[in-house]
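Q: Need a 3D model of the following:
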Amino acid sequence: QVQLVESGGGLVQAGGSLRLSCAASGSIVRINSMGWYRQAPGKQRELVADITTGGSVSDADSVKGRFTISRDNAKNTVYLQMNSLKPEDTAVYYCNADGVLTRQATGFMTKAYWGRGTQVTVSS
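A: This is a model prediction of the structure:
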């Protein structure tokens, strides 16, 4: 079984910074992409940014120039550096690992996994 453990959320004033981390553990052979989604109260979950093994990044227009995603493939860990935070960034941030290839007793399996989420609150 694969687990994603997130850390780094919290309360910050507008204009401040936070850094989120998410580490994947388990019988992992390879992870295609890792990323962050967020869900604000009353809204749908949305992509913040994701990054492939090769370093290709997709990110939301609302965070361009403020958030930076990075990844340590050897540690199966993804980071999200969030600068110039705004109150509208307030949400629960979820780590996602997609295309996770794991070694099973009967062979190999590919599946997506989610973390439990970490709260980010930006005060005005």
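
Q: make it CA atoms for all contacts and neighbour counts henceforth
A: Will do.

Q: which of the residues in stretch 78-86 are buried?
A: Within stretch 78-86, the residues that count as buried by 16 or more other C-alpha atoms under 10 Å are 78, 79, 80, 82, 83, 85, 86.

Q: So what touches the lowest-mean-pLDDT helix or strand in the chain?
A: Sorting the helices and strands of the chain by mean pLDDT, DSSP states H and E puts strand 107-114 at the bottom, at a mean of 93. Strand 107-114 is touched from outside by 2-4, 94-103, with contacts defined as C-alpha atoms under 8 Å, 6 or more residues apart in numbering.

Q: can you put the buried residues of stretch 78-86 in a markdown table and add distance to residue 20, pLDDT and secondary structure?
A: Converted to a markdown table, the buried residues of stretch 78-86 look like this (distance: C-alpha to C-alpha, whole Å; pLDDT from 0 to 100; DSSP: H, G, I helix; E, B strand; the rest coil):
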| residue | distance to residue 20 | pLDDT | secondary structure |
| --- | --- | --- | --- |
| 78 | 8 | 98 | strand |
| 79 | 6 | 98 | strand |
| 80 | 5 | 98 | strand |
| 82 | 8 | 98 | strand |
| 83 | 11 | 98 | coil |
| 85 | 13 | 98 | coil |
| 86 | 16 | 98 | coil |
